[in-house]
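Chemist: Quick one: sequence plus predicted model below, questions after.
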Amino acid sequence: MKKVVVAVGNHFMSSIVNEKSNENRMTCWTCDENLSNDFFCSHCDSVQPLKENTSVFHYLGFEKTYSIDLAMLEKKYFDWQMRVHPDKFIGRSDEEKAVASSHSAFVNQAYKILKDSYLRAEHLLIDKGENIGHVSEFDAILLEEVMEKQELLVTLDKKEAIQDFMEREQNKINDLENELSLHFASDDFDAVRRVLKFLKYSNKLLEDARKQEKKISSSH
Ligand SMILES: [Zn+2]
């Protein structure tokens, strides 16, 4: 693997390129020159059609790791959006406009996945060829804990009490995210899958609590 730096507007985006891709090097679909990266032609500046199974990590210039710099994610998302904005393709062929538009949709999707700790972990498992099947498996202890919390939540009718509930759940989510980071670092994918189950329910509880808080605020 080698690292290449790709100019995007006035910014620079680093991408990982597999050395092996040199063997069957791709050429630009518009000018036919050799491509030095997967997404843009350095000769004619045209955006390249998206390949199937493009990794969202690779796409936004990240290595395949769980811990990513979220400020950097925002920046790279913004760079991509600017780069494939419809305004930049006025006067270009319909074909190229369609390619740019598919990038525009993909960059939104990639951003959404990488920003969310649960989805990011799930996609990292997929990228590493690991199954995510265990995540949805039944877990009696977890289910009991979740049901207890849900029962507690519906009895809360004060904004402050719900906010305390949300703070506790957010702290738990932070702990789970730290655990995920450690388990990914040691390639312990069974532990990752176990933590993901808890993270899924904690996210759901937090979402339910937000709805509950909204309901109470609007009824007063
Ligand atoms: Zn070209």
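Modeler: Yep, that arrived. Numbers count the residues shown, from 1 in each chain.

Chemist: tell me the domain ranges of the protein?
Modeler: 2-115, 134-219 (automatic domain parsing).

Chemist: Quick one: name the residues of this structure near the ion.
Modeler: 28, 30-31, 41, 43-44 (Cβ under 5 Å from the ion). (Glycine included, C-beta is placed from N, CA and C.)

Chemist: Report the contact partners of Asp164.
Modeler: Contact analysis of Asp164 by Cβ atoms under 8 Å, 6 or more residues apart in numbering lists nothing.

Chemist: Which of the helices or strands spans it?
Modeler: Per DSSP states H and E: Asp164 is located in helix 159-185.

Chemist: Tell me the buried residues in that helix?
Modeler: Neighbour-count burial for helix 159-185, counted by 16 or more other Cβ atoms under 10 Å, picks out 161-162, 165-166, 169, 172-173, 176-177, 179-181, 183-184.

Chemist: Would you convert those into JSON lines that also reports pLDDT?
Modeler: As requested, the buried residues of helix 159-185 are exported to JSON lines (pLDDT from 0 to 100):
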{"residue": "Ala161", "pLDDT": "95"}
{"residue": "Ile162", "pLDDT": "95"}
{"residue": "Phe165", "pLDDT": "96"}
{"residue": "Met166", "pLDDT": "96"}
{"residue": "Glu169", "pLDDT": "96"}
{"residue": "Lys172", "pLDDT": "96"}
{"residue": "Ile173", "pLDDT": "97"}
{"residue": "Leu176", "pLDDT": "97"}
{"residue": "Glu177", "pLDDT": "96"}
{"residue": "Glu179", "pLDDT": "97"}
{"residue": "Leu180", "pLDDT": "96"}
{"residue": "Ser181", "pLDDT": "96"}
{"residue": "His183", "pLDDT": "96"}
{"residue": "Phe184", "pLDDT": "96"}
